[in-house]
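# Based on what follows, work out the 3D shape:
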Amino acid sequence: MIVEDLKLMGYREAWGRQELLHEEVVGGGEERLLLVEHRPVITFGRRAELAAKNLVASEERLKEMGVEVVESDRGGDITFHGPGQLVVYPIVRLNEHGLSVGGYVRRLEEVVIAALGELGVAAGKDREAIGVWVDGKKICALGVRIKRGVSLHGVAINVTTDLKYFDLIVPCGLSGRGVTSLEKVLKKAPSMEAMKSAVVKQMKMAFKVSER
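All right, here's what the predicted structure looks like:
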């Protein structure tokens, strides 16, 4: 598995990078793991018409805050990406790891829970909602697409994310459910590099690969 840190990159540019590497992995190339922080963006899942109903901010407000809106092809509803949030895009062949789509989603949740545990945060799953949660609040959103047996998109972990951006939406379409971040939970967040290191380590263990 080749790990690539894209640093800070726009959502559309990173999506294009995913699509390019996806073709390589479909063709038998080495699996990939992309790490990135996005510029402020709200994304809709495949069912954009439903996700759009959970956008509560006006166009003027979005423009004022410098937030782009993009219709994605991932699963899930509406979410926000921005600086201080680690977005992780695994591009892996599910069959080689003996995973169904549901099994893959659960594996990603477990990777994030283990990585957060390394940093001192006790996180868990929610029986009624996908993602990773701390004290009833979502700390990690998850949305994937499987195309030709290979994964796209992934998880978004709030490290030092400015949570005010989530006021622009009903996060993941879950009314009444809050969001949180490592900074809010721990009062002093670990570095982004520490979060990346923990995620890469847990991904390697979960998918039994060697980092390059």
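
# For Val36, which three-state class applies?
At Val36, secondary structure determined by DSSP: H, G, I helix; E, B strand; the rest coil is strand.

# Just give the nearest non-adjacent residue to it, would you?
Once flanking residues are discounted, Val36 sits nearest to Leu6: 4.0 Å by C-beta to C-beta, 6 or more residues apart in numbering. Just so you know, the C-beta spots here come from the backbone N, C-alpha and C atoms, and that holds for glycine as well.

# Adjacent strands (with direction) for whichever strand or helix holds the one you found?
Using DSSP states H and E, Leu6 sits within strand 2-9. Strand 2-9 has its sheet partners listed here by DSSP bridges as strand 32-38 (parallel).

# For whichever helix or strand comes after the partner strand, which strands pair with it and how are they oriented?
Next helix or strand after strand 32-38 toward the C-terminus (DSSP H and E): strand 41-44. Strand 41-44 pairs in its sheet with strand 68-71 (parallel), strand 78-81 (antiparallel), by DSSP bridges.

# Which among the ones you listed is found nearest to His38?
strand 78-81 (4.0 Å; C-beta to C-beta).

# Next secondary structure element downstream of the closest one?
The element immediately downstream of strand 78-81 (helix or strand, assigned by DSSP H and E) is strand 85-91.

# for that next one, the distance to its chain's centre please.
Here strand 85-91 shows a centroid-to-chain-centroid distance of 5 Å under the convention C-alpha atoms, centre = their mean, to the nearest Å.

# Give me the contacts around the helix or strand following it.
Where DSSP H and E defines the elements, the next helix or strand beyond strand 85-91 is helix 101-118. By C-beta atoms under 8 Å, 6 or more residues apart in numbering, the residues outside helix 101-118 that reach it are 90, 94, 97, 99, 122-125, 130-132, 134, 139-140, 142, 144, 146, 151, 154-155, 157, 182, 195, 198-199, 201-203, 205-207.

# The helix or strand where Ala198 lies - contacts with which helices or strands?
Assessed by DSSP H and E, Ala198 sits inside helix 192-207. Packed against helix 192-207, as judged by 3 or more C-beta pairs under 8 Å, 6 or more residues apart in numbering; DSSP states H and E, are the following elements: strand 32-38, strand 85-91, helix 101-118.

# Need the outlier residue of this protein, farthest from its centre.
Within the chain, the residue lying farthest from the chain centre (C-alpha atoms, centre = their mean) is Glu60, at 26.6 Å.

# For the helix or strand that contains that residue, list every residue counted as buried.
Applying DSSP H and E as the criterion places Glu60 in helix 59-65. Judged by neighbour count (16 or more other C-beta atoms under 10 Å), helix 59-65 contains these buried residues: Leu62.
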